[in-house]
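Novice: Whatever this is, show me its structure:
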Amino acid sequence: MQSRVAISAITLLAFLGITAADTRLIRGGNGVTLPVPPATEAKPVTDVVNGTSITDPYRWLEDGKSPETRAWIASQMKYTEEYVSQVKIRPEIAKRVKELVRVESFSIPVERQGSYFFNKRLPDENQASIYLRKGLHGSEERLVDAAKLSADQNTSMHIADISKTGDLLAYTVREGGADEQIVRLLDVNKKQELPDVLPRARYSQISIAPDKRGLYYGRLDPSGSVIYYHRLGTPADSDQVIFGKEFNGEKFGQMELIGARITENERYLLLEVYHGVPATRVDVYAKDLRAPDASIRPVIHGIDNRFEVENHGDDLYALTDYKAENYRVVRINIQDPSAEKWQTVVPEGKDVISEISIVGGKLFVTGLHDVVTQTRIYSLDGKQLGELQYPTLGSASGVYGLDDSENAFYTFESFIIPPAIYHYDLKTGKTEVFAKPQVPFPSEQYQVKQVFYTSKDGTRVPMFISSKKGVKADGNAPGLMFAYGGFNISLSAIWNPEYAWWMEQGGFYAQPNLRGGGEYGENWHKGGMFEKKQNVFDDFFAAAEYLIANKYTTTERLAIRGRSNGGLLMGAAMTQRPDLFGAIWCGYPLLDMIRYQNFLVGRWWSTEYGSAENPQQFPYLLKYSPYQNVKPGTKYPAIMFNTGDSDTRVDPLHARKMTALMQADTGSNRPILLHYELKAGHSAGVSVTQLVSDTADELAFLWNETGGK
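Specialist: Residues are numbered from 1 along each chain as shown. Model prediction:
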């Protein structure tokens, strides 16, 4: 007996005058059926790029605001809903994800004169509010109520800065996961909002001036990043330009991202210029705030390496890959900063250093040993004093706190352990829990292990594999794999309710650490950049082959997911190895690598990928660009593209165009879907309600298309 959905589809097609010979049903898992996808008109546009003709059939979908595109989006949303509504397990998934997500959550606290500011969300709330706790174990009060910000529950807020005396709070308000934010101010003692509001824009850093009469902030303008000073009580459009555009004859444009922050001791305004994303060079300038007429002076300038700096007294402690592929820590005197006078405090070692901080006059150095977090404690002259102890294989944040305080804070989590915030007492060396969510997940019943496999060119690559204890690797379990591989970003063992649900069903969750990330220093990163980007994809394919060969799962039962740069990875997976995967979730992706640099902030990433405008870089981009490598008639696996109108970082046009192309060209009858949200974007911030719904849709798709019941 045919399903009601199938009958209605056939009836509709007959009404439109389309015969059965012109159509084929789309067949998902567990009896899910769909008609052919909504028709997308091809309107070919041909460009000649570096002498090569490239035809784009769906260029018209780049215009996200046109009535034609909006109608197309609506039809795709309806089509995807028709699929999701048939997945019988989805309500059960949503119920369980809700249980895992709707718990009390905290951010790492910021100390000010014995009080602690942090974000906190109660289990029944959609967004976190800003709280103040008086003392480590004292009473709490809500300073800013997220529920009162807007009727739209996809509006979130975050602490931007707090005055040294704790009486003035700057916070940002974000709508729907967009990168743009609004900046507001609160008089903490009076519990009153100040009339000063910085309008919606892309801000880089916000710092309250020592005299609390104004703010320093970075903002992305059409010409590039600019640092402004806003005097309280004056209109935002009259704010003074402090830095940017040009300095000492050097011009700053769209490729330079500039931030400004005031040091904890309030001696200096630090200005940091990042050239590209990831930065190929970081320059640091300083203005001495103790001298009203002091000029802005370069401290680190003109060196094609990365620097992340912390201040102590009149020194900067810089984490850098300059003459150290695995990074080292150097001390630089701000008043006499010539490179030949830099002092190495923590030398480069075999393990990569990923983060430093100064708390209580101690230097905390956090790094990775085979992707497992380790944090060592040093004196400021480089003598090792000890090491933080973590409970098991997992991931810890950097250590945060004040230079003049004995209270330090960090988070620890793992694939099977929800994140908790810990307080470390520098005086006693003791650690205690500051905040821990009560997640209903029996961690003791699960396990995490790390394996190493060999990639195509012989490179040894690590991978975490997590599961219930006792699950057999006999080829019958569903597998879920997530990866990223880019921008010097290290993927460590972190908690995610999505992965927890998958493991609860008896599945394996795998996370390989591909080249392009920062897990093994800058050499590892460079091994997945520019013309070597194919290494990232090959590392990923080798991870899948390892899982299949060792019977963790099978091709048909292997689901993969990735977002942003990881969405590009998913695009390469579906176009290069469609035979290797059962289902693919491709989130907020980059897919048209020939035109990506023309949209939103895409040009920033040319320092990672290169650009088709460069004749030397164009050939390798064309060779792997997913949108240009879809082959008509290929039997592609089930695919769900995911994006939203509020993605102001990676333009949703990538997902729109690729959906249309894959739906038209696939030779299989597997579903090709676009999950499109009208209020969701690249950054975090959607409501818990929407988060649960979106996660349930994703899991329902991946589980259903890999044989899950």
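Novice: Leu635 and Thr666 touch, don't they?
Specialist: You called it Leu, but residue 635 is Lys. Yes - counting by CB atoms under 8 Å, Thr666 is a contact partner of Lys635 at 7.2 Å. Any C-beta I mention is one placed from the backbone N, CA and C, and that applies to glycine too.
Novice: For those two, indicate the residue with more neighbours.
Specialist: Comparing Lys635 with Thr666 by neighbour count (other CB atoms under 10 Å), the higher total belongs to Thr666, at 25 against 11.
Novice: Test my guess that that one contacts Pro637.
Specialist: No - using CB under 8 Å, Thr666 makes no contact with Pro637, being 9.2 Å away.
Novice: how about the CA coordinates for the helix or strand containing Ala500, as PDB?
Specialist: Ala500 is part of helix 497-504 when elements are defined by DSSP states H and E. Coordinates of the C-alpha atoms in helix 497-504 are reproduced here as PDB (Å, rounded to 0.1, in the frame of the first residue of the first chain):
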ATOM      1  CA  PRO A 497      24.600  16.700  23.100                       C
ATOM      2  CA  GLU A 498      24.300  15.700  19.500                       C
ATOM      3  CA  TYR A 499      27.200  13.200  19.800                       C
ATOM      4  CA  ALA A 500      25.900  12.000  23.200                       C
ATOM      5  CA  TRP A 501      22.600  11.100  21.600                       C
ATOM      6  CA  TRP A 502      24.400   9.200  18.800                       C
ATOM      7  CA  MET A 503      26.400   7.200  21.300                       C
ATOM      8  CA  GLU A 504      23.300   6.500  23.400                       C
END
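Novice: How far off centre is stretch 83-103?
Specialist: On the basis of CA atoms, centre = their mean, to the nearest Å, stretch 83-103 sits 24 Å off its chain's mean C-alpha point.
Novice: end-to-end on that stretch?
Specialist: One end of stretch 83-103 sits 30 Å from the other (CA to CA, to the nearest Å).
Novice: List the neighbours of it that are in contact with it.
Specialist: Stretch 83-103 is contacted from outside by 3, 5, 28, 30-34, 123-124, 418, 437-441, 497-498, 500-501, 504, 671, 673, 688, 691-693, 695-697, 699-701, 703-704, 708-709, using CB atoms under 8 Å, 6 or more residues apart in numbering.
Novice: can you give me the mean pLDDT across that stretch?
Specialist: Stretch 83-103 carries an average pLDDT of 98.
Novice: switch to numbering from 52
Specialist: Sounds good: first residue 52 from here, last item stretch 134-154.
Novice: Name the residues of stretch 229-245 that are buried.
Specialist: Under the neighbour-count criterion of 16 or more other CB atoms under 10 Å, stretch 229-245 has Ala229, Asp230, Glu231, Gln232, Ile233, Val234, Arg235, Leu236, Leu237, Val239 buried.
Novice: Local confidence estimate at Asp73?
Specialist: Asp73 carries a pLDDT score of 37 in this model.
Novice: got it, and the one 5 residues further on?
Specialist: With respect to pLDDT, Arg78 scores 96.
Novice: Test my guess that it contacts Thr84.
Specialist: Yes - with contact defined as CB under 8 Å, Arg78 and Thr84 form a contacting pair (5.8 Å).
Novice: These two: which is more packed in?
Specialist: Using other CB under 10 Å, the more surrounded residue of Arg78 and Thr84 is Thr84, with 19 against 15.
Novice: how close does the more buried one sit to Pro529?
Specialist: For Thr84, the distance to Pro529 equals 22 Å [CB to CB, to the nearest Å].
Novice: And His326, by the same measure?
Specialist: Distance of His326 to Pro529, given as CB to CB: 44 Å.
Novice: the helices in the stretch 102-251 of the chain, which residues?
Specialist: In the stretch 102-251 of the chain, the helices defined using DSSP state H, counting those that start in this stretch lie at 118-135, 141-152.
Novice: With mean neighbour count added, can I get those helices in CSV?
Specialist: CSV is the format used below for those (neighbours: other CB atoms under 10 Å):
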stretch, mean neighbour count
helix 118-135, 17
helix 141-152, 17
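Novice: Out of these, which gets nearest to Gly412?
Specialist: helix 141-152 (39.1 Å; CB to CB).
Novice: how far off helix 548-555 does the closest one point, in degrees?
Specialist: Helix 141-152 runs at 120 degrees relative to helix 548-555, counting by axes from the mean of the first three to the mean of the last three CA atoms, to 10 degrees.
Novice: downstream neighbour of the helix or strand of the chain with the lowest mean pLDDT in the secondary structure list?
Specialist: Least confident helix or strand, the chain: helix 55-66 with a mean of 34, by mean pLDDT, DSSP states H and E. Next along the chain after helix 55-66, taking DSSP H and E as the criterion, comes strand 77-78.
Novice: Check which helices and strands that following strand sits against.
Specialist: strand 84-85 (3 or more CB pairs under 8 Å, 6 or more residues apart in numbering; DSSP states H and E).
Novice: For Met514, pull up the helix or strand it's in.
Specialist: According to DSSP H and E, Met514 maps onto strand 511-519.
Novice: Just checking: what are the partner strands of that strand?
Specialist: According to DSSP bridges, strand 511-519 has the following sheet partners: strand 497-505 (antiparallel), strand 559-563 (antiparallel).
Novice: most tightly surrounded among the ones you listed?
Specialist: Mean neighbours per residue, mean count of other CB atoms under 10 Å, is largest over these for strand 559-563, with a mean of 25.
Novice: And for the following helix or strand past it, what's in contact with it?
Specialist: Downstream of strand 559-563, the first helix or strand assigned by DSSP H and E is helix 573-577. For helix 573-577, contacts defined as CB under 8 Å, 6+ apart pick out 329, 372, 376-378, 403, 538-539, 566-569, 583.
Novice: which residues are in contact with the helix or strand following helix 573-577?
Specialist: On the C-terminal side of helix 573-577, the nearest following helix or strand under DSSP H and E is helix 584-600. Outside helix 584-600, the residues that touch it by CB under 8 Å, 6+ apart are 502, 504-508, 510, 512, 514, 516, 530, 532, 534, 536-537, 559, 561, 563, 565-567, 578-579, 604-606, 609, 611, 620, 623-624, 627-628, 631-632, 660, 671, 674-675.
Novice: quick one on the thing from earlier: go through the contacts of helix 573-577 and say which is closest to Arg225.
Specialist: Phe538 (21.5 Å).
Novice: secondary structure class for the closest one?
Specialist: Under DSSP: H, G, I helix; E, B strand; the rest coil, Phe538 falls in the coil class.
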